[in-house]
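Colleague: sequence and predicted model, in that order:
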Amino acid sequence: MELQLGLALPSNPSKGFDLNYFASEPKEIAISNRSFTVASSCTDINDNNKKRSFDQTFETATDSTVPRTLPLLLWNLHPNEEDDPKDLENHSLVTFNNKKDGDNGDGLVGWPPIRSRWWNKRLCHENNRAVGLENGFAFGIRGSNSTYVKVKMEGVPIARKIDVSLHHSFQTLTETLMDMFGQWWLETGQKDLNQYRLAYQDGEGDWLFTEDVSWRTFSRSVRRIKLLKSSR
Amino acid sequence: MNYFPDEVLEHVFDFLTSHRDRNAVSLVCSLWYRVERFSRQRVFIGNCYAISPEKLITRFPGLKSLTLKGKPHFADFNLVPYDWGGYVQPWIEALAKSRIGLEELRLKRMVVSDDSLELLSRSFANFKTLVLVSCEGFTTDGLAAIAANCRFLRELDLQENEIDDHSGHWLSCFPDSCTSLTSLNFACLKGEINLASLERLVARSPNLRSLRLNRAVPLETLQKILMRAPLLVDLGTGSYVHDPDSETYNKLKTTILKCKSIRNLSGFLEVAPRCLPAIFPICLNLTSLNLSYAAGIHGSELIKLIRHCAKLQRLWILDCIGDKGLEVVASTCNELQELRVFPSDPFGVGHDAVTENGLVAISIGCPKLHSLLYFCQQMTNAALITVARNCPNFIRFRLCILDPTRPDPVTMKPLDDGFGAIVQSCKLLRRLSLSGLLTDQVFLYIGMYAEQLEMLSVAFAGDSDKGMLYVLNGCKKLRKLEIRDCPFGNMALLSDVGKYETMRSLWMSSCEVTLWGCKTLAKVMPRLNVEIINEHDQMEICAEDGQRVEKMYLYRTLVGPRKDAPEFVWNL
């Protein structure tokens, strides 16, 4: 079935629309009527056909029959990253693909065209979707459907993730964390829970001890968690 | 007309409310120019670098209300580096030194410092209205200055700003004598709020009609506030979480019944869906509903809520409402004029997301629709053609297909014809954003049909320079053009250089334009600022002219290159 558009493109558009029309029309405000002929002093102009196609830019294979979203967006997922995520969260700009990070250009800057601050502000208690989970972790902020944050225990090389929204108190959180790192303890002989203090990084990038704050404050602002050996 | 004394002309001009009308009037003759400029109280400056504060003050000594915009639109999507510019400080300094009795200041995408706010608060005795949208650079200390020093403050409206929250007591800085507030919006603040101060402030503000709370304000406080302000017209809840079996919640239910004036509802930054029924009684009166931050409400609960909102004219919602939910909107909200559907999961493969079917349903049920922002997974030409036919009144049509070059999934063709139908049918279209797989053809349609188009946003579209040329040649009323990742180069950029003086600005990033092209343009057009944003150190000043320019932003200006440009911004 043909789509009858009625757009009827005339071969000689009567609106005076002419691709070769280079001169500017006289305007109310005085603008010098310049026509500018493009002098091809630069070979680049003749390379107009060297379009940078979308595929080339992002070096992904095109498969137009499959909805493509995730494959376009390549993140640096380094679980052991000790770096300062402040680069990502500084100026409160969650730059999904911040070239300044030394990111090798993968990923789509500024797409979709939505304010990252808007995105960043939305706290969601949904945590069922694995997809959202991945994204939440990758950004170091909460994705739409995940409140997973990275947890690092001092002395343990491998970080873990925990979903803060599943908990309602520090007690259950701590218990869960201890279980998570339990395997490591078995291997190294560490046992004493009381040896560790819970610290977290809030939305502003500051590190705080959980002893000083209410659960509510913590759960709403936590971005990362660290278990530090207590000297007490 | 020469026989009329100036006062009569002035009186006539008073009836002209739009900036454009007054601008037009001032061009008629020097007499009208003179009368107009002395009687002008409201000025809108769409690009703060197009003119200087001194010139503004000289021309309009009677200025009372100023609106300024700073960074280009794509700054919203992190395409503009942090220190690019857009500082309000020089404006406030100049205005403070002058005899201008500023009463209202509205800023968008500008950098505002605490010092600026402090100076503002101390310099204008009659200052009444401060509206900051998408601004940054200030803290709650600046807000404290405004609260403390602006004795007749009526409106403090903070939308989507990046504010460093020192969790101070800025709210407590409103003196007890301050009773003039009509509008207070601090929803974007991240930190805690002194709840007692807030309650007292509301209690002594009998004219308060608009109040938007931040996440730190719990439901208990909301209930107390509503008791004090039953005449509110615009309400933004903070944290809307409580046990629905509690006494507090029951109190809220009763209190809300008294709030018969509420027409705009927003917030729900945290929400317990089981508490939503409390607002059902006021839903029937709502004309505007913004649930775009309410990530905690599932699709089915959204639908239940929407069913109560028959009079909605504006709806901002998340795509978890789904196509089915949009069908409910279509059948319930027949008065709908503006719809925004935001992605709840912009980077995922959204299962609950909306498709072309939701939009088509809306177009059938909501014939008055004139403004659309729609993030979706896919779109078809057939759907766009149907929408164009059903809704010929679009003024703003912004479609964002999350996969930016996705074709029509049914026909696998580009979406040229679909958008073509939109521009052909919607003769009043002023703003258009494209997405999906698009060739030069769509630009031909736009150039031919979009006669009223003022702003066009393009990404990953087109095949050649012809695309951009069609638009530049065809859209006579074009004011803002922003392009990213399109194969448009020097030929398109330089074909009609005079065009740019009829526009506010042009943004091109990741296109084929080279340094030579930009330099040439800058040389030929001295009244344009052609700025290159160069974030990588690779491009030196003696860089090769043949090198592609990553980001170019050009705009017309009467005051030459700006002096506050950072290192990475070159004015050619």
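Modeller: Received the coordinates, thanks.
Colleague: going forward, measure contacts between C-alpha atoms and count neighbours the same way
Modeller: Fine.
Colleague: need phi/psi at residue B:481.
Modeller: phi -130, psi 120 (degrees, to the nearest 10).
Colleague: what's around residue B:267, how many residues?
Modeller: 23 (other C-alpha atoms under 10 Å in any protein chain shown).
Colleague: contacting residues for it?
Modeller: Shown in contact with residue B:267 (C-alpha atoms under 8 Å, 6 or more residues apart in numbering or on different chains): B:187, B:212-214, B:235-238, B:290-291, B:293-294.
Colleague: could you rerun that using 7 Å?
Modeller: When contacts are counted by C-alpha atoms under 7 Å, 6 or more residues apart in numbering or on different chains, residue B:267 touches B:236-238, B:290-291, B:293.
Colleague: ok, so of the residues you listed, who is nearest residue B:89?
Modeller: Nearest to residue B:89 out of these is residue B:236 (C-alpha to C-alpha; 30.2 Å).
Colleague: how much space separates the closest one from residue B:124?
Modeller: Distance of residue B:236 to residue B:124, computed by C-alpha to C-alpha, to the nearest Å: 29 Å.
Colleague: quick one: low-confidence ranges for the chain?
Modeller: You didn't say which chain, so I picked chain A. Along chain A, the model assigns pLDDT under 70 to residues A:1-107, A:116-147, A:183-194, A:231-232.
Colleague: the chain in question should be chain B.
Modeller: Within chain B, the ranges that satisfy pLDDT under 70 run B:1-2, B:168, B:347-352, B:536-543.
Colleague: continuing past the helix or strand residue B:225 falls within, what's the next helix or strand?
Modeller: Using DSSP states H and E, residue B:225 falls within helix B:219-228. Next helix or strand after helix B:219-228 toward the C-terminus (DSSP H and E): strand B:234-236.
Colleague: pull up the gap between the residue in chain A that chain B sits nearest to and residue B:74, please.
Modeller: Across chain A, the shortest distance to chain B (C-alpha to the nearest C-alpha) belongs to residue A:110, at 4.6 Å. To residue B:74, residue A:110 is 8 Å away according to C-alpha to C-alpha.
Colleague: ditto for residue B:547
Modeller: Applying C-alpha to C-alpha to residue B:547 and residue B:74 gives a distance of 23 Å.
Colleague: more neighbours, those two?
Modeller: When residue B:547 and residue B:74 are compared for neighbours, residue B:74 comes out ahead with 19 against 15, by other C-alpha under 10 Å.
Colleague: just say helix, strand or coil for residue B:248.
Modeller: helix (DSSP: H, G, I helix; E, B strand; the rest coil).
Colleague: not counting its neighbours along the chain, what's nearest it?
Modeller: Excluding the flanking residues, the one nearest residue B:248 by C-alpha to C-alpha, 6 or more residues apart in numbering or on different chains is residue B:220, at 6.2 Å.
Colleague: I'd say residue B:234 and residue B:210 touch.
Modeller: Yes: taking C-alpha atoms under 7 Å as the definition, residue B:234 is a contact partner of residue B:210 at 4.4 Å.
Colleague: show me where the stretch 151-300 of chain B has its strands.
Modeller: Counting by DSSP state E, counting those that start in this stretch, the stretch 151-300 of chain B has these strands, from start to end: B:155-159, B:162-164, B:183-185, B:210-212, B:234-236, B:239-240, B:264-266, B:270-271, B:288-290.
Colleague: mind putting those into CSV with distance to residue B:354 and mean neighbour count?
Modeller: CSV is the format used below for these (distance: least, C-alpha to C-alpha, whole Å; neighbours: other C-alpha atoms under 10 Å in any protein chain shown):
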stretch, distance to residue B:354, mean neighbour count
strand B:155-159, 27, 20
strand B:162-164, 30, 22
strand B:183-185, 31, 21
strand B:210-212, 29, 23
strand B:234-236, 26, 22
strand B:239-240, 26, 22
strand B:264-266, 22, 23
strand B:270-271, 22, 24
strand B:288-290, 18, 22
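Colleague: across the sheet, point out what pairs with residue B:569.
Modeller: residue B:533 (DSSP bridges).
Colleague: number of nearby residues for it?
Modeller: 21.
Colleague: got it, and residue B:132?
Modeller: 22.
Colleague: residues in contact with it?
Modeller: B:106-108, B:157-159.
Colleague: any chance of TSV for those, columns distance to chain A?
Modeller: What follows is the contacts of residue B:132, written out as TSV (distance: C-alpha to the nearest C-alpha, whole Å):
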residue	distance to chain A
B:106	20
B:107	17
B:108	14
B:157	17
B:158	14
B:159	10
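Colleague: just give the nearest non-adjacent residue to the residue of chain B found nearest chain A, would you?
Modeller: Chain B approaches chain A most closely through residue B:77 (4.6 Å), counting by C-alpha to the nearest C-alpha. With sequence-adjacent residues excluded and distances taken as C-alpha to C-alpha, 6+ apart, residue B:77 is closest to residue A:110, at 4.6 Å.
Colleague: list the contacts of the one you found.
Modeller: Applying C-alpha under 7 Å, 6+ apart to residue A:110 gives the contacts B:77-79.
Colleague: among those, which ones are in strands?
Modeller: Among the contacts of residue A:110, DSSP state E puts none in strands.
Colleague: what's the closest of those residues to residue B:333?
Modeller: When the contacts of residue A:110 are ranked by distance to residue B:333 (C-alpha to C-alpha), residue B:77 comes first, at 31.2 Å.
Colleague: could you pull up phi and psi at residue B:141?
Modeller: Dihedral angles of residue B:141 (phi, psi; degrees, to the nearest 10) stand at phi -60, psi -40.
Colleague: measure residue B:302 to residue B:281 for me?
Modeller: As judged by C-alpha to C-alpha, residue B:302 and residue B:281 stand 15 Å apart.
Colleague: and these two? Which one has more around it.
Modeller: Neighbour count, other C-alpha under 10 Å: between residue B:302 and residue B:281, residue B:302 has more, with 20 against 16.
Colleague: got the contact list for the nearest residue to residue B:336 once chain neighbours are set aside?
Modeller: Once flanking residues are discounted, residue B:336 sits nearest to residue B:313: 4.0 Å by C-alpha to C-alpha, 6+ apart. Going by C-alpha under 7 Å, 6+ apart, residue B:313 touches B:287-288, B:335-338.
Colleague: if we can go back for a sec, in the contacts of residue A:110, which residue is surrounded by the most others?
Modeller: Within the contacts of residue A:110, most neighbours by other C-alpha under 10 Å means residue B:78, with 23 neighbours.
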